[in-house]
Structure formats: C-alpha cells, structure tokens
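In: Please find the sequence and the predicted model below.
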Amino acid sequence: EEVDKKLNNVNNALLAQIADLKDRITKNESRSSSNARIVQLTQKIDDLANVTLRNITVNGVTGLTNADIPDSITASSYLPLSGGTLTGNLTGTDITLSGDLTVTGVQTFSGALTVSSFSATSTAATSTIAGGFNVGSGGLVYDFSSKNVGIGTASPKAQFVLAGQTQPRISFISTHASANPAQWSITNEGNVNRLRFGTSNADDSNFIYRMVIESDTGQMGLNDTTPDAMLDIISGDAATITLRLEHAASPTADYFQIGTNGSTNGDILTIDSSGNLGIGTTSPASLLSVHGGVLIAGTTTVKALVATSTLFVGGT
C-alpha cells in the first residue's frame, strides 16, 4: 500500500507538470499568432536589427520623410518602384531601369549609359556632353579630339564631312509660305567625281543642274552637265543672253582684260572704261585698236580708213 501511494503521487505530479507545460505552449502560440496579425493588419515594422530583406515590393507608401529612411540602407539585385521618387545619390553597378525615368536637377552619370531614347524638355536649360558622340553607328559623329563633325562617316577628316556612297547631298530649302518653295542643292555625282549645284521644288521634283565642276580637270559648266572647256556656258534658251559683263556706274578702270600668263594687265585684249577695244595693247586709242599684224580674209567694207604706218592691200 505504501508503494502504491507513492506511485500515485508521482503520477499526479507528472500530470500536473504536463498540464502546465501545455498551458505555456498554448499561450506562446496565441501570442505569436497575435503578433503576426498585428504586422499583417498595420503593415508596419517599428524596429528591425540585423535583418536582410530580399525581393521586396513596396508601393502605395506615403508620408515618408528623409529621417524615416536610414542612410546605410543598401538595395541589391532588385528594387521595384511604381510611381516613386528617388532623391539624393543612387549608387550601384549594372542598374537596369524599365519604364520612364524622370530626372530633375543636375545629375552626373559615370560609365556607359544605355537608353532606347531620351527627351530633354527644358527650354531654359542647356544640355552639355563633355566629349564626343556617335549617333547610329556613324550616322552623326562629333570627334571631340579634332572638333570635326561627320555625317555618314565615323572618322571625319575635316571640320564638316558629308559622306555617302551615291550622291551625298546638302539642300537649302526655303520656308516661305508659297505653295511650292524652291530648293538649292549641292551634290557629288557618285563615281564620276563631279560636283553639282542645282535647283528644284521643295518636294524634289523638277531637279535641274545649274553648275557643274569636274574634279579631275577643274572644268566648269553653267547649264552644261559635261563641260568641254575650263568655262562652258549654255544659255537657258535661244532668247537668253549667254554671257553679259556690266561695269559699275561711271567706271574709271578697264572694263575687261585678257592677259598672258603672269601678266598684270590685258596685254592680249583690253576693253577700257570708254568701251574702246584694244588687241595687243592695254591703251586702245579708238573704238578698235590693233597693235600688230591683221589678216582679214573676205570682203571688208569701211567708210574711212586711217593708216598710221604701212598699209598693204592685196587683190583688186
């Protein structure tokens, strides 16, 4: 009987301890569940230490000030923002941004910056690129070292270079409000190395070459696309004067001169300010002054003839 009594006491004591332990576990589970519900309901974490957060999405947050975010926070791998604003310094490597990025104030980017497109909307600020740039793999190039600009070439050798395989062209188009404003163009005629100046309508119809310069000979044609002389002029039509030389009012200098190589005057032909023509003389004394021999083949009719030297007349 004594043994049974002691065993019964031990059994009761164990049952009491088990009940107490079960009660403690139940209370702890209830407290943990309550804490979890508090976080879920308020979405607020007051104090965290030595905690790493990954793949966190934050949206709809308002009322934050600079003092609410510690300066030591570092975002790595993933920081999604939807309609948010970042101020201060954003430092990182290999940052990928999708959607629209609006930047205000003066910002400094180091390293390569790759964007599909950008738009500078300020009409008061000046965009500055400290160095060269290349648009479209040689479409438009500014060489910072040489200060040269190239269109169609990645290595411009002059201050402005326009390159193209077939007829590179520069056009000047009038913006006058007329129905079809005119256009002036300068173009290189491809593989024949011929510089051409022409006019056309603004829509590039009715293009006409007005002046041509051959690169190998230097010959120039006016209204002639294939000049055969150093200056080849074709009039626009049968009623148009091909070449006209006009002097200023009340001229005192010679009107026109043709001289030998190295000559500073018209020792071959001179038209002075009075309209006198001199051949072989720079000082024609009459309307026609010839210094040297003259051969006239055919019938010549004159009203009066004055010979200041020997006159030879052949025939009858």
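Out: On my side now, so go ahead. Residues are numbered from 1 along each chain as shown.

In: from here on, contacts and neighbour counts on C-alpha atoms
Out: Fine.

In: Was I right to think residue 268 contacts residue 283?
Out: No: counting by C-alpha atoms under 8 Å, residue 268 stays clear of residue 283, with 11.3 Å between them.

In: In contact with the nearest residue to residue 154 once chain neighbours are set aside, which residues?
Out: Leaving aside its sequence neighbours, residue 154 sits nearest to residue 138 (C-alpha to C-alpha, 6 or more residues apart in numbering; 4.4 Å). Shown in contact with residue 138 (C-alpha atoms under 8 Å, 6 or more residues apart in numbering): 150-154.

In: same thing with residue 280?
Out: Counting by C-alpha under 8 Å, 6+ apart, residue 280 has contacts 267-269, 290-292.

In: and it, what pLDDT?
Out: We have a pLDDT of 91 for residue 280.

In: Ok, residue 213 next?
Out: For residue 213, the model assigns a pLDDT of 91.

In: What score does residue 74 have for pLDDT?
Out: Reported pLDDT for residue 74: 55.

In: my bad, should have said residue 218
Out: Taking residue 218 on its own, its pLDDT is 91.

In: Can you give me the neighbour number for the closest residue to it other than its chain neighbours?
Out: Excluding the flanking residues, the one nearest residue 218 by C-alpha to C-alpha, 6+ apart is residue 230, at 6.8 Å. Residue 230 is flanked by 13 other residues according to other C-alpha atoms under 10 Å.

In: repeat for residue 299
Out: 5.

In: do the same with residue 204
Out: Count around residue 204 with other C-alpha under 10 Å applied: 14.

In: Helix, strand or coil: sort out it for me.
Out: coil (DSSP: H, G, I helix; E, B strand; the rest coil).

In: which of the contacts of residue 280 has the most neighbours?
Out: Neighbour counts for those peak at residue 269, which has 22 neighbours (criterion: other C-alpha under 10 Å).

In: follow-up on the earlier one: Provide a ChimeraX selection command restricted to the buried entries of the contacts of residue 138.
Out: Here is the ChimeraX selection string for the buried members of the contacts of residue 138, based on 16 or more other C-alpha atoms under 10 Å:
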select :150,151,152,153,154
